[in-house]
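Participant: my questions are about this predicted structure, shown below with the sequence.
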Amino acid sequence: MSQEFDLAILGAGPGGYVAAIRAAQLGMRVAIVEKEKLGGTCLHRGCIPSKALLRSAEVYATLKERDKYGIVAEGVGIDFGKMQTRKQGIVDQLHKGVQYLMEKSKITVFKGYGRVMGPSIFSPQAGAVRIENEAGEQEMIVPRFLLLATGSRPRTIPGLEIDKEYVLTADEALQLDTLPASMLIVGGGVIGIEWASMLSDLEVDVTVVEAAERILPQEDEEVSREMARLLKKRKVKVVTGAKLLAETLVRGQGGLTIQAETAGGVQRFHAEKMLVSVGRRANVENLGLEATEVKVDGGVIEVGPFYQTAEPHIYAIGDVIGGLQLAHVASHEGMIAVEHMAGLSPAPLDYTKVPRCTYSRPEVAGIGLTEAEARRQGYEVKTGRFSFKALGKALVYGENDGFVKLVADARTDDLLGVHMIGPHVTELISEAGLARVLDATPWEIAHTIHPHPTLSEAMGEAALAVDGSAIQS
Ligand code: FAD
């Protein structure tokens, strides 16, 4: 007999499992179906493992500069195997944490592949999801609501097929046993730049090839420029405006070569491995959607402001609906969707209040409009900028590259965006997030007392600089 639930969720990434907990809090009987492991891309192939390796790389980079801190140590080196073991330990510990949360919230977990059964059987009373496990055994559950949180997978480029030896995505790169001598990174977005930073700190010879005119193209132009400058200072080759000629790829004999059209003519690249980081494709296939009214447009599931699809009892959230493909976005969308199902009145998510982070060295963080976007949208813009060079705590910390930049509306004083590059800015950006939620002006940020000496003082000083009254510069 089929089990009945108030809600079935397909996919237990940060979108699905957070939504499951919120639904259980609201008194729903919840089933979550996961074909691999609880925690999804973020926990097993994304946010957490990549940040664990980045942290090891950062410690090594600091140790290489030990003389500057007055530390004497012999025999400092890299044991990449141990870095991988540490990474896996963190992932396993958090995986157990998610399992515990499911048990604690009395959420029924099904291990298997979930598919919507049609035709269009979703109604306030009934619906059905077929779950198939690895052994091919099937069972059916009948939920009142269905939440699609099936996430995404790496996008590839025709001609650069992933062979797991020469051409990799971040999925394979995270599993490497040994570091390559050189890496060609295709794509200078967040994932590409995090890998460029990590590998170069681990003494891999890195080249980044980006099709757009600048790396981190979604960030403020000044931030992109500073990141490119700092990577180049670390001997990372950054080639922008480059069109990779996939048909020229030659793999074998311990490496690969490929050519790209650039402003300076055709360039040839050679590396031991290539990492393709050119975005993510939503997992919309084989979900049985053809038997429903759910619409897929541009490769992502179409939803309304509360993540309802064209079938009122089917919702979709997270990477599978496109937009800002971030873990914290997926989680918030999940909570909003579930609250909407439960008849509450959640506020729609304002995507201009979502922080975006790149965990490279130095880190990058941004929220709201870039200066160029603000001007394009017709705002009369004023900006305030404060460099970490002038900040005591950054000097004490030993990392003083970068800056904080505020973008404000010159007519109303509204804060439009905050852009940062520098030490720990992925933590500092939360103050900007709160400021955006509370509609704080630069004046209010400037008059928030930032303790001394802290990196957060850069935020206060940049806010003062909006009206030309920074103290420390
Ligand atoms: P996912 O996490 O992809 O989870 C979807 C789950 O659904 C998967 O577990 C999958 O197995 C399962 N599934 C799919 N189809 C079915 C089915 N039919 N039946 C059952 N189960 C199914 N974001 C950040 O915010 N910060 C970061 O630092 C960050 N770093 C990243 C680094 C890398 C290398 C990558 C690749 C991504 C990173 N991201 C980061 C992005 C983040 O991982 C995703 O935005 C987030 O995981 C999306 O969550 P989700 O729940 O929508 O989907």
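Facilitator: Yes, it's here.
Participant: give the contact list for the closest residue to Pro305 other than its chain neighbours.
Facilitator: Nearest residue to Pro305, sequence neighbours excluded (CB to CB, 6 or more residues apart in numbering): Pro348, at 4.3 Å. The C-beta positions use only the backbone N, C-alpha and C, and glycine is treated the same way. Each residue near Pro348 by CB atoms under 8 Å, 6 or more residues apart in numbering is listed here: 305-306, 336.
Participant: for those, which one is nearest the ligand?
Facilitator: Ile336 (13.5 Å; CB to the nearest ligand atom).
Participant: what distance do you get for the closest one to Pro355?
Facilitator: Look at Ile336 and Pro355: by CB to CB, to the nearest Å, they are 17 Å apart.
Participant: does Arg385 touch Val407 like I think?
Facilitator: No - here Arg385 does not reach Val407: they are 9.9 Å apart, not a contact under CB atoms under 8 Å.
Participant: higher neighbour count, these two?
Facilitator: Shown here are Arg385 and Val407; by other CB atoms under 10 Å, Val407 has more neighbours (28 against 18).
Participant: near the ligand, which residues of this structure show up?
Facilitator: 10-16, 33-36, 40-42, 45-47, 50, 113-114, 149-152, 170, 191, 283, 287, 318-319, 325-328, 330, 359 (CB under 6 Å from any ligand atom).
Participant: okay, and which of those residues map to helices?
Facilitator: Assigned to helices by DSSP state H, the following of those qualify: 14-16, 40-42, 47, 50, 170, 191, 327-328, 330.
Participant: now the residue nearest to Pro305: which helix or strand?
Facilitator: For Pro348, there is no host helix or strand (DSSP states H and E).
Participant: just Pro217 next, same as before
Facilitator: Using DSSP H and E, no helix or strand contains Pro217.
Participant: surely it touches Arg225?
Facilitator: No - checked against CB under 8 Å, the pair Pro217 and Arg225 is beyond contact range at 11.7 Å.
Participant: contact partners for whatever residue of the stretch 251-400 of the chain ends up closest to the ligand?
Facilitator: Residue of the stretch 251-400 of the chain nearest the ligand, by CB to the nearest ligand atom: Gly318 (2.1 Å). Contact analysis of Gly318 by CB under 8 Å, 6+ apart lists 11, 13-16, 149, 151, 325, 329-330, 333-334.
Participant: ok, now Val418?
Facilitator: Per CB under 8 Å, 6+ apart, neighbours of Val418: 366-368, 404-407, 429, 432, 435-436, 459, 462.
Participant: quick one: the helices in the chain, in order.
Facilitator: Using DSSP H, helices in the chain cover 14-25, 40-44, 47-64, 80-104, 170-173, 190-201, 221-233, 327-341, 371-376, 392-397, 425-437, 442-446, 457-466.
Participant: look at the closest residue to the ligand within the stretch 151-300 of the chain and say how many residues are nearby.
Facilitator: At 2.1 Å from the ligand, Gly151 is the closest residue in the stretch 151-300 of the chain, using CB to the nearest ligand atom. The local packing of Gly151 (other CB under 10 Å) involves 26 other residues.
Participant: what about it? Give its phi and psi, please.
Facilitator: Here is the backbone geometry of Gly151 (degrees, to the nearest 10): phi 70, psi -150.
Participant: that concludes my questions; thank you for your assistance.
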